[in-house]
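Student: return atomic coordinates for the entry below.
(2 chains)
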Amino acid sequence: MNPVNYLYLAALLFTIGATGVLIRRNAIVVFMCVELMLNACNLAFVAFSRLHGNLDGQIIAFFTMVVAAAEVVVGLAIIVSLFRSRHSASVDDASLMKL
Amino acid sequence: MSASAVHSLWTTAVDPIAKIEAPKIEYGQLSPILIVIGAAVLGVLIEAFVPRRHRYHAQLFTASVALVSGFAAIVALAASGYATTRAGIAAMGAIAVDGPALFLQGTILLAALVGLFTFAERRLDPEAHGNRVDSFAAQAAAVPGSESEQKAVKAGFTTTEVFPLLMFAVAGMLVFPAANDLLTLFVALEVLSLPLYLLCALARRKRLLSQEAAVKYFLLGAFASAFTLFGIALVYGYAGSMSYGTIARVVDGTAPSVTPALAGTTANDALLLVGGALIVMGLLFKVGAVPFHMWTPDVYQGAPTPVTGFMAAATKVAAFGALLRLLYVVLPGLRWDWRPVMWGVAIVTMLAGAIVAITQTDIKRLLAYSSIAHAGFILAGVIAATPEGVSSVLFYLATYSFVTIGAFAVVTLVRDAGGEATHLSKWAGLGRRSPLVAGVFAVFLLAFAGIPLTSGFAGKFAVFKAAAQGGAVPLVIIGVLSSAIAAFFYIRVIVLMFFSEPRPEGPTVAVPSPLTMTAIAVGVVVTVVLGVAPQYFLDLAGQAGVFVR
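Tutor: A predicted model of the protein is given here:
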């Protein structure tokens, strides 16, 4: 199969993720959408790696996974502490600071 | 058919695998980064094994020794010519060791040392149950206002984890401006960001604000870094390589060998243009340039003030370093594409930062918008696209970082019953009650405004001169105009402090320990010395203005 099709899929997944970040209100769901964007990047890396016939892209996919895991650790810690003090993980409720 | 014959149907005998060569790592040239990472790891071990009452001193000692020796290593590298004649690429092409990298790393280390002093300050808050407390939560996991929080305060807990977190962030910042391939750039971006997200959530007072700031910073930061990563994927797809040098050659059309696949992808300019734009977007988010500045005021206001000062200073230095290297080393071939965009970004950033700052009533938000305006001024130097542009940006970053940390350190001193009194109305008449503190803050504000005889003037003059020589005269005119707008609100704060009646229930000024005093004194000394006699440092930045490729 033509690797370019995987690039279209990656771009589609990335767009779904970005749209989700913008329209969803729950911090956990927003965060999951960010993870979807990172995975779309991984797919693009691997597809380009196949296209060019070198391994750089596949190596980067591993690094991305590690970074995404680290981000989950930090992100969930922050979101859970927010949830415990407010009993809500909505990003709209977090508005103590105004312009 | 024998078993071995069947086996040979789908395997072929290959030559014995060539030995994999061990990568060559130049430990000496990487020593500043390695020292800081080592100290961060040591800090984690201290948290695990040292008794609670000794941790603060052990952490403070480890961190300050590491930052000082890291700076000494930078000076040693620069003295042996790695900034000029012996500049090169280290660690198998991952890290560049050259003038801009060493200059910015030195600035980051000194700013981090001063920031460390404000982190370690323990005399501003009144003692809680006989224990000295710092600006950070007794126990970050305890729910604000709950019984477990009171227990933690009573037991005298302190979050000494902030020191290793600070060191990890510094390590990421040291790599960020020196990264010489896109993967290192991305990993450094995350290594510097993740500890900062956590540090933002750790304030002792106003914990809800602090947690909210951390969530906003985290979600927006992760969003921006996902865009950066997609940009990296597209640029990798265009050039078939992550290395800055190789990408630059492909962009210039001077690649030594072109495979059919590479010929196919380089025919599609959209990959490069969109990818480059997405990476630059991620970096502009980190420096807080309009239209990616939305997080700045909220995060600066909610984060613990020592963290805000450190973040405002050091992150900006690191991110501008990475932006310069990306635009000057990887994408000079696209100069005619990125310059108009950066023109627009710089103009909007300068004007929006300066104009919105006028309406602010909180001193930390005011400084946040002022930092946005300063990002615009620095972008004017970036646009010059000349060696003078690079050195002027380096100089501006050095002057700006110390003023920022000093200014936020002063903000920690002005307190009332609820902690720091950040509302501007409470600062009225501060100059009569405490002339020294108000005077020092006035010096910092004048430096932000770019009044002559302060470092801010020398820095602004350098970037605007470079921008004008680079052919961006209209940009300089807008820059000077927005400096004038910005000067208005800086002067307004000075007038408020010195020429209005102090309110009876106004805040008090805490007497800090020598740590914060040092941080503020360093800020004042740098402001005055670089303002009165900037030439030596301008020359230093001038010598450091050439990137290695």
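
Student: quick one, helices of chain A?
Tutor: Using DSSP state H, the helices of chain A run over residues A:3-23, A:27-52, A:56-86.

Student: who touches the shortest one?
Tutor: Spelled out, that is helix A:3-23. Here helix A:3-23 makes contact (CB atoms under 8 Å, 6 or more residues apart in numbering or on different chains) with A:29-30, A:32-37, A:39-41, A:43-44, A:46-48, A:50-51, B:219, B:223, B:226-227, B:230, B:233, B:237. Backbone N, C-alpha and C define where each C-beta goes, glycine included.

Student: buried members of these into ChimeraX, please.
Tutor: Typed into ChimeraX, the line below selects the buried ones among these, using 16 or more other CB atoms under 10 Å in any protein chain shown:
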select /A:30,33,34,35,36,37,39,40,41,43,44,46,47,48,51 /B:219,223,226,227,230,233,237
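
Student: got the residues of the stretch 151-300 of chain B near chain A?
Tutor: Contact residues (CB under 8 Å from any CB of the partner chain) of the stretch 151-300 of chain B with chain A: B:183, B:186-187, B:190, B:194, B:197-198, B:201, B:207-209, B:211-216, B:218-219, B:222-223, B:226-227, B:229-230, B:232-234, B:236-237, B:240-242, B:259, B:261-262, B:264-265, B:297-298.

Student: buried ones from those, can you make that a PyMOL selection?
Tutor: To isolate the buried subset of those in PyMOL, counting by 16+ other CB under 10 Å, use the following:
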select buried, chain B and resi 183+186+187+190+194+197+198+201+207+208+209+211+212+213+214+215+216+218+219+222+223+226+227+229+230+232+233+234+236+237+240+241+242+261+262+265+297+298
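
Student: output the helices of chain A in CSV; the columns should cover mean pLDDT.
Tutor: Formatted as CSV, those follow (pLDDT from 0 to 100):
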stretch, mean pLDDT
helix A:3-23, 95
helix A:27-52, 95
helix A:56-86, 94
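
Student: just those: most buried one?
Tutor: Looking across these with neighbours counted as mean count of other CB atoms under 10 Å in any protein chain shown, the highest average goes to helix A:27-52: a mean of 21.

Student: that one packs against which elements?
Tutor: On a contact count with 3 or more CB pairs under 8 Å, 6 or more residues apart in numbering or on different chains; DSSP states H and E, helix A:27-52 meets helix A:3-23, helix A:56-86, helix B:207-239, helix B:260-266.

Student: B:Val44: which of the ones you listed is closest?
Tutor: Set against B:Val44 and scored by CB to CB, the helices and strands packed on helix A:27-52 come closest in helix A:56-86, at 13.9 Å.

Student: how big is the angle separating that closest one from helix B:207-239?
Tutor: Counting by axes from the mean of the first three to the mean of the last three CA atoms, to 10 degrees, helix A:56-86 lies at 170 degrees to helix B:207-239.

Student: helix A:56-86 close to chain B?
Tutor: Yes: Helix A:56-86 reaches chain B (CB under 8 Å from any CB) through A:56-57, A:59-60, A:63-64, A:67, A:70-71, A:74-75, A:77-79, A:81-82, A:84-86.

Student: chain center to that helix, what's the gap?
Tutor: 9 Å (CA atoms, centre = their mean, to the nearest Å).

Student: remind me what it packs against, helices and strands.
Tutor: helix A:27-52, helix B:182-200, helix B:207-239.

Student: let me have the helices of chain A in a markdown table, extended by distance to B:Ala289.
Tutor: What follows is the helices of chain A, written out as a markdown table (distance: least, CB to CB, whole Å):
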| stretch | distance to B:Ala289 |
| --- | --- |
| helix A:3-23 | 20 |
| helix A:27-52 | 21 |
| helix A:56-86 | 23 |
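
Student: closest to B:Asp252 out of the ones you listed?
Tutor: helix A:27-52 (18.7 Å).

Student: how far away from the center of its chain is that closest one?
Tutor: 6 Å.

Student: point out where chain B drops to low pLDDT.
Tutor: Across chain B, the ranges flagged by pLDDT under 70 are B:1-15.

Student: can you tell me the SS state at B:Tyr27?
Tutor: Of the three states, B:Tyr27 takes coil under DSSP: H, G, I helix; E, B strand; the rest coil.

Student: before we move on, what about B:Leu496?
Tutor: Secondary structure state of B:Leu496, per three-state DSSP, is helix.

Student: thought it was touching B:Lys426?
Tutor: No: B:Leu496 is beyond contact range of B:Lys426, at 10.1 Å (criterion: CB atoms under 8 Å).

Student: now do the same contact list for the residue of the stretch 301-450 of chain B found nearest chain A.
Tutor: Closest approach between the stretch 301-450 of chain B and chain A, counting by CB to the nearest CB: B:Gln301, at 5.6 Å. The contact partners of B:Gln301, taken as CB under 8 Å, 6+ apart, are A:97, B:209, B:213, B:362, B:364-365, B:368, B:422.

Student: by neighbours, which of the residues you listed wins?
Tutor: Highest neighbour count within the contacts of B:Gln301: B:Ala213, with 30 neighbours (other CB atoms under 10 Å in any protein chain shown).

Student: the helices in the stretch 201-350 of chain B, which residues?
Tutor: Under the criterion DSSP state H, counting those that start in this stretch, the stretch 201-350 of chain B contains helices at B:207-239, B:244-252, B:260-266, B:269-287, B:295-302, B:305-310, B:316-325, B:335-358.

Student: swap in the stretch 1-150 of chain B?
Tutor: Secondary structure of the stretch 1-150 of chain B (DSSP H, counting those that start in this stretch): helices at B:3-10, B:31-49, B:52-79, B:99-119, B:147-154.

Student: highest average neighbour count across the ones you listed?
Tutor: Using mean count of other CB under 10 Å, the stretch among these with the greatest mean number of neighbours is helix B:99-119 (a mean of 27).

Student: and that one, what does it pack against?
Tutor: helix B:31-49, helix B:52-79, helix B:162-175, helix B:305-310, helix B:316-325, helix B:387-413, helix B:514-532, helix B:535-543.

Student: re the thing from before, can you put the contacts of B:Gln301 in a markdown table and add distance to B:Pro126?
Tutor: Below are the contacts of B:Gln301 laid out as a markdown table (distance: CB to CB, whole Å):
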| residue | distance to B:Pro126 |
| --- | --- |
| A:Met97 | 26 |
| B:Leu209 | 20 |
| B:Ala213 | 24 |
| B:Asp362 | 23 |
| B:Lys364 | 22 |
| B:Arg365 | 26 |
| B:Ala368 | 28 |
| B:Thr422 | 18 |
